[in-house]
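A.B. asks: All I have is the shape, not the residue letters:
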């Protein structure tokens with residue numbers, strides 16, 4: 001995928017949904033969703049942050065995370081590794097404009113990430129005592 005938002009939404013869902021299935025409390029699920037969003041979008045956003053706030057060359061960290069010295073470490077961190085795997089599918093050729101062909105997949109995955117994360121955050125209302 002190309003948008004950091006979709007990567008973040010799927011990263012959030014990838015950590016929040018298992019937490020819900022394991023019955024973890026809502027606060028833990030919210031924390032994991034936030035962490036998943038940050039780590040899922042990290043390969044795209046960390047380079048921008050380094051360039052904008054610390055004066056690093058704009059695409060240097062981005063390239064090091066996607067294909068360079070940090071990519072092995074990124075594959076180990078689950079939402080970050082999920083990002084890199086997804087990028088392999090969306091960016092098969094340098095300079096390939098995937099949007100005209102795969103826009104529907106990007107939008108669908110973003111909606112899936114939102115839906116799964118909201119489901120993971122949802123709490124059943126307490127049943128009244130009988």
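C.D. replies: Yes, it's here. Because the structure is predicted, anything quoted here is derived from the model rather than measured.

A.B. asks: residues in contact with the lowest-mean-pLDDT helix or strand in the chain?
C.D. replies: When the helices and strands of the chain are scored by mean pLDDT, DSSP states H and E, helix 78-90 comes last with a mean of 89. Outside of helix 78-90, the residues within contact range by Cβ atoms under 8 Å, 6 or more residues apart in numbering are 1-2, 7, 10-11, 14-15, 35-36, 39-44, 66, 71, 74-75, 98, 102, 106. C-beta: built from backbone N, CA, C; applies to glycine.

A.B. asks: Same question for stretch 110-122.
C.D. replies: The contact list for stretch 110-122 (Cβ under 8 Å, 6+ apart) reads 3, 5-6, 8-13, 16-17, 19-20, 26, 29-30, 33.

A.B. asks: List only buried entries from those.
C.D. replies: Burial of the contacts of stretch 110-122 was assessed by neighbour count (16 or more other Cβ atoms under 10 Å); the buried members are 3, 5-6, 8-13, 16-17, 19-20, 29-30, 33.

A.B. asks: quick revisit: okay, and which of the contacts of helix 78-90 map to helices?
C.D. replies: Residues from these lying in helices, with DSSP state H as the criterion: 7, 10-11, 14-15, 35-36, 39-44, 66, 71, 74-75, 102, 106.

A.B. asks: Check the gap between residue 22 and residue 29 for me.
C.D. replies: Taking Cβ to Cβ, to the nearest Å as the measure, residue 22 and residue 29 are separated by 10 Å.

A.B. asks: Give the buried residues for stretch 48-62.
C.D. replies: By neighbour count with 16+ other Cβ under 10 Å, stretch 48-62 contains the buried residues 48, 50-51, 56, 61-62.

A.B. asks: How far off centre is stretch 29-42?
C.D. replies: Taking Cα atoms, centre = their mean, to the nearest Å, one finds stretch 29-42 lying 7 Å from the centre of the chain it belongs to.

A.B. asks: which stretches of the chain have low pLDDT?
C.D. replies: Counting by pLDDT under 70, the ranges of the chain that qualify are 1, 124-130.

A.B. asks: Share the number of residues neighbouring residue 88, please.
C.D. replies: Residue 88 is surrounded by 9 other residues when neighbours are defined as other Cβ atoms under 10 Å.
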